[in-house]
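1. fold the following and give me the result.
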Amino acid sequence: MRHVFLCGNPALDLACTLRARRTAPFETLDAPARLDAWYVESGIVDTVTACQEGDVAQAVAVREAIYALVTARLAGEGYDGGALALVNEAARTPCAIPQLAAEGRWTEATPAQALSTVARHAIELLTGPDVPLMKECANPECTKIFIDRSRGGRREWCGMESCGNKIKAAAYRARKRQTQAATAR
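-> Below is the predicted model of the structure:
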């Protein structure tokens, strides 16, 4: 399985690894190999020491804490103390540090270092200039939160392929049915 990175920030992308939270939750980090793949595919690291079940549990806990903090920020509510403590604790671990190699930039890390890097992205996101650009996907079945860097700031969906086309097609079909019903009278 290849992971999807539509959100514009690694912390948001991690938060979105649990898909369809409100309707039919689908866990994408269900095995250590999936977490390994996520760290590499996200660009956080080039290689990671093989994750164990405990690393998956820790990443899922930090993911849920990030999601709680981001949704609280979007709603204008205060942060949950437990979520704050969890993200801050993960960020205290030394993060993944890129090295210069003959081939270019190379980053090796342990799972804890990779997770620390993601937690630091969450802290920077929630305290930085991108806060006003955060939006939740307009698809009621989707729970992805993304950074809207579109020209007019009018992006509505996490991605056109995943949600935008579905919503637009459904709206088109509804308009077509309405028109057909109106002309049939």
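
2. name the next helix or strand downstream of the longest helix along the chain, please.
-> Longest helix of the chain, by residue count under DSSP state H: helix 53-75. Counting by DSSP states H and E, the next helix or strand C-terminal to helix 53-75 is helix 81-92.

3. mind listing what's buried in that next one?
-> By 16 or more other C-beta atoms under 10 Å, the buried positions in helix 81-92 come out as 83, 84, 86, 87, 90, 91. Where C-beta positions appear, they are placed from N, C-alpha and C, glycine not excepted.

4. how far away is the fourth one from residue 63?
-> The one in question is residue 87. Going from residue 87 to residue 63 by C-beta to C-beta, to the nearest Å gives 10 Å.

5. also the second one?
-> Applying C-beta to C-beta, the value for residue 84 to residue 63 is 15 Å.

6. need the contact list for residue 73.
-> For residue 73, the contact set (C-beta atoms under 8 Å, 6 or more residues apart in numbering) comprises 79, 126, 131, 134.

7. does the last one really touch residue 144, like I thought?
-> Right, residue 134. No. Look at residue 134 against residue 144 with C-beta atoms under 8 Å: they stay out of range, at 11.0 Å.

8. which residues do those two both contact?
-> The contact lists of residue 134 and residue 144 share residue 12, where a contact means C-beta under 8 Å, 6+ apart.

9. please say which of these two ends up with more neighbours.
-> More crowded of residue 134 and residue 144, by other C-beta atoms under 10 Å: residue 144, with 23 against 20.

10. so how far is residue 105 from residue 135?
-> 31 Å.

11. got the buried residues of helix 81-92 as JSON lines, with pLDDT and distance to residue 111 columns?
-> Below are the buried residues of helix 81-92 laid out as JSON lines (pLDDT from 0 to 100; distance: C-beta to C-beta, whole Å):
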{"residue": "83", "pLDDT": "98", "distance to residue 111": "20"}
{"residue": "84", "pLDDT": "98", "distance to residue 111": "22"}
{"residue": "86", "pLDDT": "98", "distance to residue 111": "16"}
{"residue": "87", "pLDDT": "98", "distance to residue 111": "16"}
{"residue": "90", "pLDDT": "98", "distance to residue 111": "11"}
{"residue": "91", "pLDDT": "98", "distance to residue 111": "15"}
